[in-house]
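J.: The following block contains a protein sequence and its predicted model.
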Amino acid sequence: MGQERIREELGSLHGIPLYKVFIEGWPQVKDFQARPDDLLISTYPKSGTTWLSEIMDMIYQDGDVEKCQRDAIYNRVPFLEVKVPGIPSGVEQLKNTPSPRLVKTHLPVQLLPQSFWEKDCKIIYMARNPKDVVISYYYFYQMAKVHPDPGTLAEFLETFLAGKAAYGSWYDHVRGWWEKRKEKKILYLFYEDMKKDPRQEVKKILQFLGKEVVEGTVERILQNTSFQAMKKNPAANYETMPTALMDHNLSPFLRKGICGDWKNHFTVAQNERFNRHYQEHMAGTDLHFQMEM
């Protein structure tokens, strides 16, 4: 990954701010051929994607912990639109992935490749409250070199609220997928619910998949997808990523995994500004978020 590609400004894909290297691979992503038994995991960045991916792989492997350590999570659940020099693109990886495939994306609903709708694939979307997302994203911008320099937290907050962070407006993203669930096979989950009662959420997923598991499997899944277990697991914590792409010395990929961490970062004024912005942009939707637990 040549130095010249590091900390590059974002480009724009159909009006959505995105890494230029990803945009270069867009034609292949757009034409991606989904298979009817693909399961898509969709999220706005920093909303529990890796957690949900690990839970899904555990379900697909019937709770077999060893099988789930067969490879890094980003190889077990390929990232559809990823394209960085020196490693296979998501599309290339998926071509070689046997069915049933788990596929990860951060694309807003309007950019999802058409074949997912045509093949009527099942989709699980996970949303997280935006105050925690922005804090997590800020640390991610620092450690993942594909991002421009985030500046100070105050500066990054403005970037985020303006919809100028990678993948664009959080509001448009969560609302777009929320509306789409009315007409498609989409299970819409919340990070905060998953934290509060993971057992109930895993059961919801199993029901959505129409999958029965033997006694004890759900327990094993919950044990192995706890934040502590994942943080220690090299197959889940991204430590196997080249340092040129992600520098864990700056911030670990799996950092805290809690609800309400924003309270340790926001000033009173920033919180009030955020609240006003949120009220304005979430007016008229029946989509609600828990900002703390």
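T.: Noted; the coordinates are in hand.
J.: Now do the contacts for the closest residue to Gly176 other than its chain neighbours.
T.: Using CB to CB, 6 or more residues apart in numbering and skipping residues adjacent in sequence, the residue nearest Gly176 is Val109, 4.0 Å away. For glycine as for every other residue, the C-beta is placed from the backbone atoms N, C-alpha and C. Val109 is in contact with 173, 176-177, 179-180, counting by CB atoms under 8 Å, 6 or more residues apart in numbering.
J.: got it, and Phe160?
T.: Contacts of Phe160 by CB under 8 Å, 6+ apart are 130, 133-134, 137, 170.
J.: quick one: the helices in the stretch 51-200 of the chain?
T.: 65-68, 73-76, 90-95, 114-118, 130-143, 153-161, 170-180, 191-196, 198-209 (DSSP state H, counting those that start in this stretch).
J.: any chance of those helices in TSV, with distance to Leu10 too?
T.: Output for the helices of the stretch 51-200 of the chain, formatted as TSV (distance: least, CB to CB, whole Å):
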stretch	distance to Leu10
helix 65-68	33
helix 73-76	21
helix 90-95	18
helix 114-118	24
helix 130-143	11
helix 153-161	10
helix 170-180	15
helix 191-196	25
helix 198-209	33
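J.: picking that back up, distance of the residue nearest to Gly176 relative to Gly151?
T.: 29 Å (CB to CB, to the nearest Å).
J.: Quick one: low-confidence residue ranges for the stretch 1-150 of the chain.
T.: Within the stretch 1-150 of the chain, the stretches with pLDDT under 70 are 1-5.
J.: ok so, going back, hmm, which of the contacts of Val109 are the buried ones?
T.: 173, 176-177, 180 (16 or more other CB atoms under 10 Å).
J.: Return the member of these nearest to Pro242.
T.: His173 (28.0 Å; CB to CB).
J.: per-residue pLDDT, the closest one?
T.: Looking at His173, its pLDDT is 98.
J.: I'd say it and Pro45 touch.
T.: No. Checked against CB atoms under 8 Å, the pair His173 and Pro45 is beyond contact range at 9.2 Å.
J.: any common contacting residues for the two?
T.: With CB under 8 Å, 6+ apart, His173 and Pro45 have common neighbours Tyr167.
J.: what residues are up against the residue nearest in space to the middle of the chain?
T.: By CA atoms, centre = their mean, the chain has its centre lying nearest to Thr49, at 3.3 Å. By CB under 8 Å, 6+ apart, Thr49 lies in contact with 41, 43, 104, 106, 126.
J.: Can you select the buried ones from those residues in PyMOL?
T.: Written as a PyMOL command, the selection of buried residues from those, which uses 16+ other CB under 10 Å, is:
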select buried, resi 41+43+104+106+126
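J.: I'd like the contacts of Thr49 laid out as TSV, including distance to Phe160.
T.: As requested, the contacts of Thr49 are exported to TSV (distance: CB to CB, whole Å):
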residue	distance to Phe160
Ile41	22
Thr43	16
Lys104	21
His106	14
Met126	18
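J.: and which of the contacts of Thr49 is nearest Lys184?
T.: The closest of these, once distances to Lys184 are taken by CB to CB, is Ile41, at 14.8 Å.
J.: and that closest one, which of the three is it?
T.: Secondary structure, DSSP: H, G, I helix; E, B strand; the rest coil: Ile41 is strand.
J.: which residue packs closest to it, ignoring adjacent ones?
T.: Going by CB to CB, 6+ apart, Ile41 has Lys104 as its nearest residue, at 4.9 Å.
J.: Am I right that that neighbour is in contact with Asn75?
T.: No. Taking contacts as CB under 8 Å, Lys104 lies outside contact range of Asn75: 11.1 Å.
J.: Show me the beta-bridge partners of the residue nearest to Ile41.
T.: Ile41, Phe79 (DSSP bridges).
J.: so who does it touch?
T.: Here Lys104 is in contact with 40-42, 49, 53, 77-80 (criterion: CB under 8 Å, 6+ apart).
J.: Which two among those residues are spaced furthest apart?
T.: For the contacts of Lys104, the maximum inter-member distance is 13.6 Å, found between Ser42 and Pro78 (CB to CB).
J.: More neighbours: which of these two?
T.: Ser42 (27 against 22; other CB atoms under 10 Å).
J.: first vs last residue of stretch 40-59, how far apart are they?
T.: The first residue of stretch 40-59 is 14 Å away from its last residue (CA to CA, to the nearest Å).
J.: Likewise for stretch 9-25?
T.: Using CA to CA, one end of stretch 9-25 lies 17 Å from the other.
J.: residues of it that come out buried?
T.: Result for stretch 9-25 [16+ other CB under 10 Å]: buried residues 10, 13, 16-19, 21-23, 25.
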